[in-house]
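Trainee: Pasted the sequence and its predicted model underneath.
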Amino acid sequence: MEYGVPQETVLYLLLLPFVVTLVALFRQIFGIKAFGIYTPTLVTFSFLVVGVKYGVAIFLAVVIIGILSRFLLKKLRLLYLPRIAITLTLISFAVLALLIFGGSIQRTGFAAISIAPIIIMIALVEKIVATQIEHGTKEAVIISLQTLFISLVGYHLMGLPSFQNLLMTYPWIVLSTIFINILVGKWTGLRINEWWRFRTLLK
């Protein structure tokens, strides 16, 4: 702890530019969508805090309950915010049940999870429901899974001890993300998924 700043806080602040750059790369170069840049970044850090096993379990619970709740509440014809409030209530109970179940089978890691990452992932439901309303359930599921994929890649890369030690030793490396984003921002070619989609035409 140097200058009174916790080392973990310094590390996460140094990791942040790399996580958001990774999200931008996946979107602009590979064509993999997510719920914006903010959501996969928060999910990645949630995984770093709670661990990938418990993080994925909570993420999937949020996605499944969030999508199913729209069908359950559709007949009530509720306004948007009350519907989201009810959905969040259902998800809170589902996550609580998951934590209790984990404790009952001696999975003490569930019980030890701090509330902040749980609240962050529960808050994803608004993005899911909004996408479901605008683009349909299939698109909401696809983007949810793509968000999960990006977050898992981010978790495994940012969680590497060698990379974390490098950042703590040479923090100025973070500035390289600016150069990378300038290159990505000027990308005008086809994305990787577009090359695959139009492969027959391109041949």
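Mentor: Looks like it arrived, so ask away.
Trainee: which intervals of the chain have sub-threshold pLDDT?
Mentor: Residues of the chain meeting the criterion pLDDT under 70: 1-5, 105-113, 189-203.
Trainee: Go ahead and measure how far the strand or helix carrying Gln132 is from the middle of the chain.
Mentor: Element membership for Gln132, per DSSP states H and E: helix 125-135. On the basis of Cα atoms, centre = their mean, to the nearest Å, helix 125-135 is displaced by 15 Å from the centre of the chain it belongs to.
Trainee: And that helix, what's buried?
Mentor: Neighbour-count burial for helix 125-135, counted by 16 or more other Cβ atoms under 10 Å, picks out Val125, Glu126, Lys127, Ile128, Val129, Thr131, Gln132. For the C-beta atoms, the positions are set from N, CA and C on the backbone; glycine is no exception.
Trainee: got those as TSV, with distance to Gly154 columns?
Mentor: Formatted as TSV, the buried residues of helix 125-135 follow (distance: Cβ to Cβ, whole Å):
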residue	distance to Gly154
Val125	21
Glu126	21
Lys127	17
Ile128	19
Val129	24
Thr131	20
Gln132	24
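Trainee: just checking, what packs against the helix holding Gln132?
Mentor: Here helix 125-135 touches helix 52-73, helix 80-104, helix 137-158, going by 3 or more Cβ pairs under 8 Å, 6 or more residues apart in numbering; DSSP states H and E.
Trainee: Output those in a markdown table; the columns should cover distance to Glu8 and mean neighbour count.
Mentor: Shown next, in a markdown table, are the helices and strands packed on helix 125-135 (distance: least, Cβ to Cβ, whole Å; neighbours: other Cβ atoms under 10 Å):
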| stretch | distance to Glu8 | mean neighbour count |
| --- | --- | --- |
| helix 52-73 | 17 | 19 |
| helix 80-104 | 23 | 15 |
| helix 137-158 | 13 | 19 |
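Trainee: To Phe35, which of those lies closest?
Mentor: Nearest to Phe35 among these is helix 137-158; the distance by Cβ to Cβ comes to 5.3 Å.
Trainee: what does that closest one contact?
Mentor: 15, 18-19, 22-23, 26, 32-35, 39-41, 43-44, 47-48, 52, 55-56, 59-60, 63, 67, 70, 124, 128-129, 131-132, 163-164 (Cβ atoms under 8 Å, 6 or more residues apart in numbering).
Trainee: Next, the angle helix 52-73 makes with the helix holding Gln132.
Mentor: 50 degrees (axes from the mean of the first three to the mean of the last three Cα atoms, to 10 degrees).
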